[in-house]
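Asker: I need the structure of the sequence given here:
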Amino acid sequence: MTEMIIRRLLQSVVTLLVLSFITFAGIYLIGNPMEVLADESATAAQIQAATERLGLDQPLWVQYWHYMERLFAGDFGRSYVTSLPVSTMILQRLPATLEMTVTSLLISVGIGLPLGVVAGVFPKSPWSRGGSVLSVLGFSLPNFWFGLMLLLCLAVWFPILPAIGRGQTVEVNGVAWSFLTQDGLAHLAMPALTLAIGNMALMFRLAKSGMQEVMLLDYIKLARIKGLPSRRIVVVHALRNVMIPIITIVGLEIGGLIAGSIITETVFAWPGIGKLLIDSINMLDRPVVVAYMLIFTFTFVLINLIVDICYIVLDPRTREALQG
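Answerer: Numbers count the residues shown, from 1 in each chain. Prediction:
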């Protein structure tokens, strides 16, 4: 297990280095950020002076080398647009993205998983068939469409929920959270639900198919012959095996939620790091874009490592294979 963790960490370092260079080079090839950031009244000499001051006149490999030197020193650089430290800008926006993605994950797992388990235990019920149809729609339609439909229904036709923004927040240890206020929860509802719909459908289908397979296995039949209560058979014996692939998928979906939050935050004007990324790309704010990609990749790799460890803990066969 220790060898697996070390190997995965080394792979993560290589992945981060490759991704950082690809992202850096991609923005480098798009053009000079000063052409976007410079004032309309700025002269060519002023633009050139600003370009040299930021080091944007140097070759790609030189700029990348200087960036990595600062990065290994713990400095993500400063934004070309705001002149603020990139780490400060990301930390200011991170709580908004975290509360939206965590709420979305709780909705998708908390609703999709139990409904899928029930549908798998009773596969011929009308609920199971109806849920399968709805899950197909959840897979087929993109998140931004659900977001626009929710805006149309719940904010325009029936003004029940606020359309955009984060609403009222409460600071805890200097960090602003919106889920701690009623107004903030109202603003959080539609973005979190939009982000959760696709994952909810996935959880439903995984739980349903897994329960259908497990309920036909011999050890489940033996438990029934012994007279064990149905709830114990489902929760203790069947659900444990079903959870192994689900945990793997949940880990992967966390990264997908962070990536999907970019579109959702844009639709609902949610002030998270996804919207910060879109704004930074439009302004060619290279330090912010590269820092976001590195943090996102590191988070994704770390989550996958945690999922692998959970998989080993849940599945004795994997533990034995590693020990052997």
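
Asker: what bits of this protein have low per-residue confidence?
Answerer: Scanning the chain for pLDDT under 70 picks out 1, 4, 31-32, 35-36, 40, 311-324.

Asker: Grab the most central residue of it for me.
Answerer: Ile258 (1.9 Å; C-alpha atoms, centre = their mean).

Asker: Can you name the next helix or strand after the helix or strand that one falls within?
Answerer: Using DSSP states H and E, Ile258 sits within helix 239-267. Counting by DSSP H and E, the next helix or strand C-terminal to helix 239-267 is helix 273-282.

Asker: tell me which strands and helices that next one is in contact with?
Answerer: In terms of contacts (3 or more C-beta pairs under 8 Å, 6 or more residues apart in numbering; DSSP states H and E), helix 273-282 is packed against helix 86-121, helix 239-267, helix 286-314. Where C-beta positions appear, they are placed from N, C-alpha and C, glycine not excepted.

Asker: can you list those helices in CSV and add distance to Leu19?
Answerer: Putting the helices and strands packed on helix 273-282 into CSV (distance: least, C-beta to C-beta, whole Å) gives the following:
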stretch, distance to Leu19
helix 86-121, 16
helix 239-267, 13
helix 286-314, 5
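
Asker: okay, now Leu105: neighbour count?
Answerer: Per other C-beta atoms under 10 Å, the neighbour tally for Leu105 reads 19.

Asker: Contacts only, for it.
Answerer: 196, 199, 250, 253-254, 257 (C-beta atoms under 8 Å, 6 or more residues apart in numbering).

Asker: The strand or helix carrying Leu195 vs helix 239-267, what angle?
Answerer: Element membership for Leu195, per DSSP H and E: helix 182-214. Going by axes from the mean of the first three to the mean of the last three C-alpha atoms, to 10 degrees, helix 182-214 is angled at 140 degrees with respect to helix 239-267.

Asker: buried sites along helix 182-214?
Answerer: When burial is assessed from 16 or more other C-beta atoms under 10 Å, helix 182-214 yields the following buried residues: 184-185, 187-212, 214.

Asker: Can you spell out which helices and strands pack onto it?
Answerer: Against helix 182-214 (3+ C-beta pairs under 8 Å, 6+ apart) you get helix 86-121, helix 126-140, helix 143-151, helix 239-267.

Asker: I'd like the next helix or strand past the third one.
Answerer: Sequence-wise, the next helix or strand beyond helix 143-151 is strand 170-172, with elements assigned using DSSP H and E.

Asker: any residues touching that following strand, and which ones?
Answerer: Contacts for strand 170-172 (C-beta under 8 Å, 6+ apart): 176-178, 180-181, 184.

Asker: Show me what counts as buried in it.
Answerer: Under 16+ other C-beta under 10 Å, strand 170-172 has no buried positions.

Asker: Quickly run through the sheet partners of it, with directions.
Answerer: According to DSSP bridges, strand 170-172 has the following sheet partners: strand 175-177 (antiparallel).

Asker: Put together JSON lines for the contacts of Leu105, with distance to Met283 on each row.
Answerer: Below are the contacts of Leu105 laid out as JSON lines (distance: C-beta to C-beta, whole Å):
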{"residue": "Ala196", "distance to Met283": "31"}
{"residue": "Asn199", "distance to Met283": "31"}
{"residue": "Val250", "distance to Met283": "35"}
{"residue": "Glu253", "distance to Met283": "30"}
{"residue": "Ile254", "distance to Met283": "28"}
{"residue": "Leu257", "distance to Met283": "25"}
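
Asker: and of the residues you listed, the nearest to Tyr28?
Answerer: Nearest to Tyr28 among those: Leu257, at 29.6 Å, using C-beta to C-beta.

Asker: Can you give me the distance of the closest one to Met215?
Answerer: Taking C-beta to C-beta, to the nearest Å as the measure, Leu257 falls 30 Å from Met215.

Asker: Look at these two and report which has more neighbours.
Answerer: Taking other C-beta under 10 Å, Leu257 and Met215 do not tie; Leu257 has more neighbours (23 against 19).

Asker: residues in contact with that one?
Answerer: 101, 104-105, 195, 199.

Asker: Confirm for me that Phe21 is in contact with Tyr64.
Answerer: Yes - look at Phe21 against Tyr64 with C-beta atoms under 8 Å: they come within range, at 6.2 Å.

Asker: On the three-state scheme, Val81 is what?
Answerer: coil (DSSP: H, G, I helix; E, B strand; the rest coil).

Asker: Spit out the contact partners of it.
Answerer: Contacts of Val81 (C-beta under 8 Å, 6+ apart): 37, 280, 283, 285.

Asker: Same question for Tyr219.
Answerer: Counted by C-beta under 8 Å, 6+ apart, Tyr219 has contacts His237.

Asker: ok so, going back, residues contacting the residue nearest to the centre of the chain?
Answerer: 97, 101, 274, 296, 299-300.

Asker: Need the buried ones from the residues you listed selected in ChimeraX.
Answerer: In ChimeraX syntax, the buried subset of those is picked out as below (16+ other C-beta under 10 Å):
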select :97,101,274,296,300
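
Asker: Thank you kindly, that will do.
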